[in-house]
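Undergrad: this is a predicted model, with the sequence first.
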Amino acid sequence: MSEKARLEPLPWPLESVHIYLDSPAGRLAVYAANDVIGGSRVPLLLVHSVNAAASAIEMAPLFEHYRVSRPVWALDLPGYGHSDRADRLYTPRLMTDAVLAVVQHMVERAGCSRVDVLGLSLGSEFVVRAQLESKGCIRRVALVSPTGFNARKPRRGPPGSTLMVPWLYRFFTKPFWGERLFRQLTRPGVIRYFLRRTFGRKEIDESLWRYAAATARQPGAHHAPICFLSAVLFSGDIQNVYEALKCPVWVSMATRGDFTRYQGRHTLDGRTNWQFHEIEGGAMPYFEDLKGFTDRLDPFWR
């Protein structure tokens, strides 16, 4: 990819109304479908994953599916897409504050009291924490290939703790070094390799790959991924957070790729508000079979 291509403006990830929302987590890019605004339908917020080249485009099929039936929103999390990519420490607290800010904006904009939220992969950890802190504003949550269930030993650290590896963070934040490593990890061929692991097959969504390659070349794109690689963005207490949820929770478990291990779910056995579903496909099965995925999910929202 040429230097000229790297400097081209980043396209918008979704066909939508887009706004910038100033929040405690910084300036956030927020996307709203204008097909259905207001009414009696509960609005839905879609929260993407966290990786080296994440953005709201990971929500594109679901955004298009729901925009014809209910108000649907998405955001670029701090450090990604069109949101603020400042040089700072990116933590679960920061990401949770971003989700809460958008939820509050949705409630005020739509004139409703509650919203539903769907989170993907590590984004799920921020969604469930936001649910506990939303004072009832988040009605139901759906988690697609959530992290925090693949360890035999549950994460039960102090409240608000993370899995941060300090020496690794110091290493990545040395002048120029972290950015250089990031550039190597986000070469188009490397991004394709990791997407194949995510999908669990050779075939991937090409539009997703192209956008990931583009967003990884934007100024400041390395700051949040450095925190991801240093495990700063993984909650050390996530099992306690999961167990504290009282609202209905729907979970999609992948059958292929890197998100197929859910040994830790046994701590939620017997909790009737949790539903676990094995859905054929990789970590983002709605890219492979949107109808099959939403046929399983839609009854949960109703």
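TA: That came through fine.
Undergrad: any idea how far residue 186 is from residue 115?
TA: 33 Å (CB to CB, to the nearest Å). The C-beta positions use only the backbone N, C-alpha and C, and glycine is treated the same way.
Undergrad: ok, then the element right after the helix or strand bottoming out on mean pLDDT in the chain?
TA: The helix or strand of the chain with the lowest confidence, counting by mean pLDDT, DSSP states H and E, is helix 3-6 at a mean of 42. Going down the chain from helix 3-6, the next helix or strand is strand 17-23, by DSSP states H and E.
Undergrad: CA atoms only: put that next one into PDB for me.
TA: Provided in PDB are the C-alpha atoms of strand 17-23 (Å, rounded to 0.1, in the frame of the first residue of the first chain):
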ATOM      1  CA  VAL A  17     -26.400  10.100   9.800                       C
ATOM      2  CA  HIS A  18     -23.000  10.600  11.500                       C
ATOM      3  CA  ILE A  19     -22.400  13.000  14.400                       C
ATOM      4  CA  TYR A  20     -19.500  13.800  16.700                       C
ATOM      5  CA  LEU A  21     -20.300  13.500  20.400                       C
ATOM      6  CA  ASP A  22     -18.100  15.200  23.000                       C
ATOM      7  CA  SER A  23     -17.900  13.000  26.100                       C
END
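Undergrad: so in that sheet, which strands flank the next helix or strand after it, and in what orientation?
TA: Helices and strands here follow DSSP H and E; after strand 17-23, the next one along the chain is strand 26-32. Take DSSP bridges as the rule and strand 26-32 pairs in its sheet with strand 17-23 (antiparallel), strand 72-76 (antiparallel).
Undergrad: what is the rounded mean pLDDT of the last one?
TA: So that's strand 72-76. Averaging pLDDT along strand 72-76 yields 97.
Undergrad: re earlier: of the strands paired with strand 26-32, which is nearest residue 42?
TA: strand 72-76 (10.6 Å; CB to CB).
Undergrad: ramachandran angles for residue 277?
TA: In terms of degrees, to the nearest 10, the main-chain angles of residue 277 are phi -130, psi 120.
Undergrad: that one: neighbour count?
TA: Residue 277: 13 surrounding residues under other CB atoms under 10 Å.
Undergrad: quick check: it vs residue 124, distance?
TA: Distance from residue 277 to residue 124, by CB to CB: 14 Å.
Undergrad: try residue 157
TA: Taken as CB to CB, the span from residue 157 to residue 124 is 18 Å.
Undergrad: and if you look at residue 156?
TA: 18 Å.
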